[in-house]
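Undergrad: My questions are about this predicted structure, shown below with the sequence.
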Number of protein chains: 2
Amino acid sequence: MARKTGSHSDITGPKVQDAALRLFARDGFAAVSMRQIASEVGVQAGALYNYTPDKQTLLFSLLKGHMDELLSQSPDAIPSHLSADQALAAFVEFHITYHIDRSDLVFISYMELRSLEPANFARIEAARRAYEDQLEAILRRGQADGVFRIEDSKLATLALIAMLTGVTNWFRRGGRLQIDDVTRHYVQMALRIVGADKQ
Amino acid sequence: MARKTGSHSDITGPKVQDAALRLFARDGFAAVSMRQIASEVGVQAGALYNYTPDKQTLLFSLLKGHMDELLSQSPDAIPSHLSADQALAAFVEFHITYHIDRSDLVFISYMELRSLEPANFARIEAARRAYEDQLEAILRRGQADGVFRIEDSKLATLALIAMLTGVTNWFRRGGRLQIDDVTRHYVQMALRIVGADKQ
DNA sequence: GTCTATATTCCGATAGAC
DNA sequence: GTCTATCGGAATATAGAC
C-alpha cells in the first residue's frame, strides 16, 4: 500500500524520541535546540510540533516512558520461593542488565529532573521512589529473616542503588569485562554490603 | 581606608564564582545566562567580563578549583603506620566529609564535564583519575597484605566511589542522620565490600 | 504531515562613557 | 570596575501554503 508523500507519523515519531534522547544526554536539555533535533530526524523544526506540544513535554515523555518500563519489567514483589539473598542477587542482576544499555536514559533521568516543571518532576520522583522501595523491601525481609546484618535499611538501599547505577558511567561493551563478569562481581559486593556473603 | 566607588574586585570576584556555581548546579550550564549570573551578583552583564574571559572559562575555573583542592586535601600517600583497612576507613571518612557540603560542585563536576572544551575536559578527567587511583592504591595494598579479599581492584574502586559520592544526592543537614552516623555506616559497608569487615 | 516564513524574545560578547 | 547601549545571531513556537 502506497503511502502519501510527506506522511510518516509512525516512522518519524520514534525517530524524534531517539534523536531527542541522544542529544539531551550528550549536550543537555537546555543546550539542545528543536532545530538540532529536527535536523537529526531529517525534517524541519516546525514538523516536530506534530509529535510534541513543546520541548518540555518531549523530555518528560522520555523520562516517563523510562520509569514506566523499568517498573513494569522489575519484579514488583519478592517471589516466595526465593530467600532474601537470592532475591537480592536477582535484583542486582536485573538492575545492571536493564540499565547497562540505557546509559543515556539513566543519565538524563538523573540530570534533567531539574529541567522538568514541578508537576512532571513529582511524577518521575514518585516512580523512582517506588523502584527503590522494591529493593528496600528485599533488605527488610533479609533483616527479618536474620539473613542480612543491616543497621539501616534505607541507607543500605541508597548505597546499593548508587553503586549499581554507577556501572552505566564506565561500562562499555567490548571492553575488559563482559556483562556477566560485572554482574557476578556486583552480586558479591551487594551480598557483602548486607552482610550475607558466604565468605 | 575608603574605597573608590565602583571598585569591588575582591568582593565581586568570589560572588561571581558563587553565583555561577549555584545557578549551574540548579539549572545547568547551558540554561544559565550571563545576565542571570550578573543579576545574582548585583551587577550588569558586561561587568562579569572583568572576572572571566567567557562563560566556558567560568565553568572550567569552578571545576578546576574543585579538583585542585580535593587533591591537595586528600592524603596523597598511605601513611605507613596505617594498615590497609585503617587507610580505607580514613579515605571513606575523608571522601564523605569533604564532599557532603559541596554537593553543587559534585553535581556539576559529574554533569557538566561535557560542557567543557576537549582540552579542559581532559585536564579535569586526569585529576579525577588521579584521585580514584589513590583509592585503588589502598585496595591493592590490602590485596597484597592479604587483608582484603578483592578479585578486581579497579571494579571495586569504581563501585566504592559511586557508593560514597551518592551520599551527596540525598544527605541533608538536620535530617534523620548526622554526618558521623553516615560515615560510620559507610565505613562498615566499604570494609564489607572489600571483604575486611570484622563480622 | 511537512514545508517556509516569521513574530518575539533572549543570548554572548564588545565598545565606550564615567 | 561598572555602567549603558548595541551588534549579530539563535532560540521557541506559531501561521498558513501545499
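TA: Great, that's in hand. Residues are numbered from 1 along each chain as shown, chains lettered A, B, ... in the order given.

Undergrad: and the most centrally placed residue in chain A, what element?
TA: The centroid of chain A falls nearest to residue A:106 when counting by CA atoms, centre = their mean (4.6 Å). Under DSSP states H and E, the secondary-structure element containing residue A:106 is helix A:103-111.

Undergrad: swap in residue A:142?
TA: Using DSSP H and E, residue A:142 falls in helix A:118-145.

Undergrad: next structured bit after that helix?
TA: Heading C-terminal from helix A:118-145 (DSSP H and E), you reach helix A:153-165.

Undergrad: burial count for residue A:57?
TA: 14 (other CB atoms under 10 Å in any protein chain shown). Glycine gets a C-beta too; all of them are placed from N, C-alpha and C.

Undergrad: So the residue nearest to the centre of chain A versus DNA strand C, what's the distance?
TA: Distance of residue A:106 to DNA strand C, given as CB to the nearest atom of the strand, to the nearest Å: 28 Å.

Undergrad: looking at it, that residue is touching residue A:98, isn't it?
TA: No: with contacts counted by CB atoms under 8 Å, residue A:106 stays clear of residue A:98, the gap being 9.7 Å.

Undergrad: Any residues of chain A in contact with DNA strand D? List them.
TA: Residues of chain A lying near DNA strand D by CB under 7 Å from any atom of the strand: A:6, A:32-36, A:45-46, A:49, A:53-56.

Undergrad: Out of these, which is nearest to residue B:142?
TA: Closest to residue B:142 out of the residues of chain A next to DNA strand D is residue A:32 (44.5 Å), distances taken as CB to CB.

Undergrad: What residues does that closest one make contact with?
TA: Residue A:32 makes contacts with A:20, A:23, A:24, as judged by CB atoms under 8 Å, 6 or more residues apart in numbering or on different chains.

Undergrad: what about 6 Å?
TA: A:23, A:24 (CB atoms under 6 Å, 6 or more residues apart in numbering or on different chains).

Undergrad: Mind checking what secondary structure it has?
TA: At residue A:32 the chain is in coil, as set by DSSP: H, G, I helix; E, B strand; the rest coil.

Undergrad: Please report how far residue A:14 lies from residue A:43.
TA: 13 Å (CB to CB, to the nearest Å).

Undergrad: cool, and residue A:158?
TA: Between residue A:158 and residue A:43 the computed distance is 42 Å (CB to CB).

Undergrad: Repeat that for residue A:73.
TA: Distance from residue A:73 to residue A:43, by CB to CB: 32 Å.
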